[in-house]
Structures are given as C-alpha cells and as structure tokens.
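A.B. asks: starting from these lines, generate the structure:
(chains A and B)
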Amino acid sequence: MSGLLPDEQELTRAAMAGDQKAFGLLVARHQASIRALGRRLSRSVSDGDDIAQAALLNAWRRRSTWRGGSFRGWVCMIAYREFLAGRKAARSETELEDHPGASGESGERLDLMRAISALDESERAAIALCIGAGLSHADAALAMQAPLGSVKSWVLRGRAKLQKALAAYERA
Amino acid sequence: MSEPPPELPDEPGADALERFFAAEEAAIADDGFSKRIVEKARDEISWRRRIVYGAGMAGFGVALASIIDMAPHLPKLTGWVDGLSTELRQAEQGALDPLLLIAAAVVAGVSFMLVAILSQER
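C.D. replies: A predicted model of the protein is given here:
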C-alpha cells in the first residue's frame, strides 16, 4: 500500500470506533469489490448494489461486533448473509431477471460471466467469496455456514468449470 | 447501469480468472455509491442521537416532576444529607421512604442517560 494512503488497519480500527471519515474512506476503497461480490452472487447489477449497500450499512451499525481482521473480508461475509436473507424473501416472488448471459445471443463470443452464472449456487458463492472477494476457505466456510471441505470442493469444481470456459474462449 | 464490460484476460487459468475478477471490479466506478452510504450512515447516527437524547431528557423530566410532586415530603435542604443518611439507616432496617426511592431514581436515571450517550457515540 502506498505511504500516502492511510494504513488499512488503522482506518479499520478508527471506523469501528465510530469515525465516520475513516468509514467513508474504507467504503470508497472497497466499494467496487463488495458491489462485484453482490452482483456475482445475485447475478444482477441492481440487486448486487442493494446487497452491497445493506452490507456496508449493517457493518456500520454492528461495528461494535467487529473482532479484528480485514474490513473487506468482514463486509463480504455480511454481504453473503444479506444475499441469503434477500433471496429467501424474494424466492417465491420473482425469478432472476437481468443476470449476465441471460440473453444468450448466438455467435457471440463466450462470456465468462455466463459461465459463472451457469455454476451451481454453492460453487458460484464459493468462487465469488474465495477468488472474487479474496476470503480464505475458512472464512468462506464460516460465511456460508458450510463444512470447510465442501467449500474447498466447490471452489475446486467451480474453478475447473470456469477455466474450461476460459480455454474455450481462447480457442474461439 | 452502463458500465463498460471488463476486458477478458490474456490466457486461461487460475491467474486469468483472478485477473478477470480484478478487471470486473476495476470497471465498477464509484458513481456516488460511497457518498450515499456515508450519508445514510450519518443520518442513522443523527436519528439515534435524537432518540437517545429525547428518551434521556424525557426520563429526567419525569424524575424531576416526581420530585416536585413529592415536595411537601422532602426535608429542608440544610438537613438533606443528614436526612438521607437517616433514611439509609432506616432502609437497612427495612423502613423505605419515598425520598430515598426518588433519590435512587434520579441517580439511576442520570446514570442510564450517561451510559446511553456514551454507548451511542461508539
């Protein structure tokens, strides 16, 4: 990290102690990765941004429960729970509408996002958390409330499928 | 949302996947998102502060009104400390006086308000 930028740990500690400015800097620094995680999980830009917003505001409200570690990792775990809660509420109402790759134009170059969308839900979540958000397998297992072995297996399988998709794209 | 699609990485493989994700994140511009989050967080603090201060002041007002209602029963100011110690001694023997209860209520009310203010600053 550049010497000009405030240290991440210092900022996180300040934000968790209620410093709004520090919290704002952390949000600006990590908004893209948290929104990307939300979008990958929900397969929707607007839903993904809603998940990211809810996760960040929940992180702010529940900052007294922060027990150290990376701000980004912590918020990503909250975002995953927000995704699960939102999905549970909306399950009976709508099907996913605007996920990438849904249009399925023929002749179009292979879209990796379509491959991600085609993954099993557990694989996609594990890939989004571990590769996308950079969480450790253990943290992802904690967030997903799943056995560590299952998470490792989902990441492995999901990664293999995506690599296959990338290879196909390379050949195209 | 009209963000440009992320560029695909040069070669397949695990690194390529990570690069793809990184490129995808890089394509997400901060279009006022951070500002909105910080504003909402600030609004929440403001409302919480108003609620805590309001509740604290209301409680303090009730305690004060109770003291005024009990005015005829209060001892003279000069004898207040002696009176309180006498009350405490009597309380030990099981004879509680409303004055003691009021004093305890005021102390408790002020303490709760201080704790609430300190907590909501976190």
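A.B. asks: for chain A, what spans make up the helices?
C.D. replies: A:8-16, A:20-42, A:45-61, A:71-90, A:112-118, A:121-127, A:137-144, A:148-171 (DSSP state H).
A.B. asks: would you point out which residue is most central in chain A?
C.D. replies: Geometric centre of chain A, nearest residue: A:Leu37, 2.3 Å, by C-alpha atoms, centre = their mean.
A.B. asks: what's in contact with stretch B:40-59?
C.D. replies: A:20, A:23, A:53, A:56-57, A:60-61, B:109, B:112-113, B:116-117, B:120 (C-beta atoms under 8 Å, 6 or more residues apart in numbering or on different chains). C-betas here are computed from N, CA, C, even on glycine.
A.B. asks: what about chain A, any weak spots by pLDDT?
C.D. replies: A:1-6, A:88-111, A:169-172 (pLDDT under 70).
A.B. asks: and for the closest residue to chain B within it, the neighbour number?
C.D. replies: Here chain A gets closest to chain B at one residue, A:Leu166, 3.7 Å apart by C-beta to the nearest C-beta. Using other C-beta atoms under 10 Å in any protein chain shown, A:Leu166 has 22 other residues around it.
A.B. asks: what's the answer for A:His137, then?
C.D. replies: Burial measure for A:His137: 17 neighbouring residues, criterion other C-beta under 10 Å.
A.B. asks: where's it relative to A:Tyr80, distance?
C.D. replies: Relative to A:Tyr80, A:His137 is positioned 14 Å away (C-beta to C-beta, to the nearest Å).
A.B. asks: please apply the same query to A:Gly24.
C.D. replies: Remark: distance between A:Gly24 and A:Tyr80 (C-beta to C-beta) = 23 Å.
A.B. asks: who's more crowded, those two?
C.D. replies: The neighbour comparison of A:Gly24 against A:Tyr80 (other C-beta under 10 Å) goes to A:Tyr80, with 25 against 19.
A.B. asks: understood, closing this out.
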